[in-house]
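Visitor: A structural model of the following input is requested.
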Amino acid sequence: MLIKRFSSISATERAICCDVCDHAMLLPSLQKNQKANCPHCHHTVRVGNLWSLKRCSILALSILILMPFAFSFPLLNIQLLGTPIYASIWSGVWKMATEGYPYTAFLVLFCAIVMPIAFVVIIILLQICYLFKINAKMLLLSLNYIKSWVMLDVYLVSLGVAAFKVREYASISFTLYLLPFVLVTFLTILLFTKTSPKQFWDKFYPYPTSPDAHLRYCKTCGLSFPAEQAIGHFCPRCHADTSVDTNLILQRTWSTLIAGAIMLIPANLLPISVVYVNGAPSADTLMSGVIAFMQMGNYSIAAIVFIASIFVPVSKILIMLYLLGCVHFGYGKNIHLQMKLFEIVHFVGRWSMLDLFVLSLMMSLVTRGQIISFSVGPAAIYFGLAVFLTMISAEVFDTRLLWKNYEAHK
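Guide: Residues are numbered from 1 along each chain as shown. Take a look at the predicted model:
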């Protein structure tokens with residue numbers, strides 16, 4: 001694509017393409033409080049307030065030091081029939097795995113422990129690689145895919161939901177170790193906002209481009225490079241395929257979306273949790289759990305659970321169906337509405353994991369006994385798979401297909 005300027009800013013500029021609409025432009029050097037928006041789609045392509053790799057690695061090391069306290073020490077404490085019971089993130093995963101739900105436990109472990117640790121460790125390793133001039137391409141490629149799956153903020157909200165849910169069976173209190181977990185969560189969010197995989201790719205492997213070049217964009221490493229420098233269809237920096245294969249993108253999006261929609265049917269019809277009181281089972285589906293919160297008068301908690309567990313998964317599927325329909329039928333109008341809808345899907349999709357995190361905490365708190373016990377229902381694994389598959393569907397979808405339709409109908 002030919003390059004168009006942002007504006008007549010007299011500063012050092014370099015040629016880039018927008019990762020959303022593929023529009024080529026000249027990017028000026030940014031000050032700390034500045035950001036650069038694409039003149040075509042208004043997407044923010046660069047921000048000037050990102051931290052240096054050294055500063056990010058120091059924060060990542062601080063988070064890593066706090067993580068053992070946040071993950072393995074008890075966050076909640078209940079008094080059940082006079083017996084104190086403690087719940088930590090790890091104990092919930094372990095209890096879920098050892099009592100016959102290993103696949104559901106793996107989904108919780110993956111998002112609540114493995115991915116957060118992997119994220120901060122990669123930031124630290126990147127700084128080490130930079131200091132000792134070590135090839136960091138595999139670390140940078142991994143970082144591209146990890147950030148979407150770090151869900152500590154979702155787990156923090158699930159603590160509040162679990163506290164309200166357990167309150168009808170026992171008195172509950174938070175422990176001192178909740179503070180390290182809250183710190184880890186907010187510091188991780190801060191690290192998210194101050195890091196960018198594109199920034200690190202440019203730091204390790206800078207690649208200057210000519211202002212007069214016809215550019216091609218690599219979505220994997222964020223490189224905008226002259227088309228004649230491509231190795232076939234592959235990026236000269238990370239060697240990823242840069243071709244926009246419409247059929248392949250649509251096949252991947254449709255397959256994961258349909259699979260996620262199928263998983264959502266048993267997830268809503270089957271019980272997601274079962275509570276045994278004096279041996280009498282009381283099973284809850286996703287909707288009956290929301291109704292139970294409303295009957296207890298906890299309307300705000302009911303709203304949170306309904307939005308995260310029912311409204312968001314169904315809305316994601318409907319929005320993705322609409323966007324796929326726009327691509328298939330060449331509907332190029334309302335492009336900005338389409339982009340807003342896609343941004344919503346991308347942002348809220350991860351919050352559906354809240355229900356599985358609540359189940360993990362409940363498994364740890366309400367232990368099996370003669371008077372009262374708690375069990376995960378068969379819907380849990382289907383619900384977890386539905387969340388994962390719909391998130392993957394949004395990840396593999398390429399918004400440039402929407403903009404291609406828009407350009408064709410201008």
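
Visitor: For the residue nearest in space to the middle of the chain, list the residues it contacts.
Guide: With distances taken as CA atoms, centre = their mean, Ser148 lies nearest the centre of the chain, 2.8 Å away. Shown in contact with Ser148 (CB atoms under 8 Å, 6 or more residues apart in numbering): Arg350, Met391, Glu395. (Each C-beta comes from the backbone N, C-alpha and C, glycine too.)

Visitor: Most neighbours among those residues, which one is it?
Guide: Of all the contacts of Ser148, Met391 has the most neighbours under the rule other CB atoms under 10 Å, reaching 21 neighbours.

Visitor: Domain-wise, how is the chain divided?
Guide: In terms of domains, the chain is parsed into 4-49+213-229, 53-199+244-408 (source: automatic domain parsing).

Visitor: Please name whichever of those is nearest to Cys235.
Guide: Set against Cys235 and scored by CB to CB, those come closest in domain 4-49+213-229, at 3.9 Å.

Visitor: can you give me the offset of the closest one from its chain's centre?
Guide: Relative to the centre of its chain, domain 4-49+213-229 is centred 25 Å away, using CA atoms, centre = their mean, to the nearest Å.

Visitor: ok, back up a step: of all the domains of the chain, which lies closest to Tyr207?
Guide: domain 4-49+213-229 (5.6 Å).

Visitor: Tell me how many other residues surround Tyr169.
Guide: 18.

Visitor: I'd guessed it sits against Val366; true?
Guide: Yes - using CB atoms under 8 Å, Tyr169 is in contact with Val366, at 6.4 Å.

Visitor: list the contacts for the closest residue to Asp398 other than its chain neighbours?
Guide: Sequence neighbours aside, Ile249 is the residue nearest to Asp398 in space, at 5.0 Å (criterion: CB to CB, 6 or more residues apart in numbering). Taking CB under 8 Å, 6+ apart as the criterion, Ile249 is in contact with Val396, Phe397, Asp398, Leu401.

Visitor: and Ile249, what element?
Guide: helix 246-269 (DSSP states H and E).

Visitor: any chance you could map the strands in the stretch 151-300 of the chain?
Guide: 171-174, 215-217, 224-226, 273-277, 280-284 (DSSP state E, counting those that start in this stretch).

Visitor: between those, which one is nearest to Gln34?
Guide: Per CB to CB, nearest to Gln34 of those: strand 224-226, 19.5 Å.

Visitor: ok, how many other residues are close to Phe164?
Guide: Phe164 has 18 nearby residues by other CB under 10 Å.

Visitor: okay, it: pLDDT?
Guide: pLDDT, Phe164: 84.

Visitor: so where's the stretch 101-250 of the chain uncertain?
Guide: 209-213 (pLDDT under 70).

Visitor: Tell me where it has helices.
Guide: Counting by DSSP state H, counting those that start in this stretch, the stretch 101-250 of the chain has helices at residues 102-109, 115-131, 137-146, 152-166, 178-194, 197-204, 246-269.

Visitor: what comes up buried for the first one?
Guide: Applying a neighbour-count criterion of 16 or more other CB atoms under 10 Å, one finds Thr104, Ala105, Phe106, Leu107, Val108, Leu109 buried in helix 102-109.

Visitor: got it, and the second one?
Guide: The neighbour-count criterion (16+ other CB under 10 Å) identifies 115-116, 118-127, 129-130 as the buried residues of helix 115-131.
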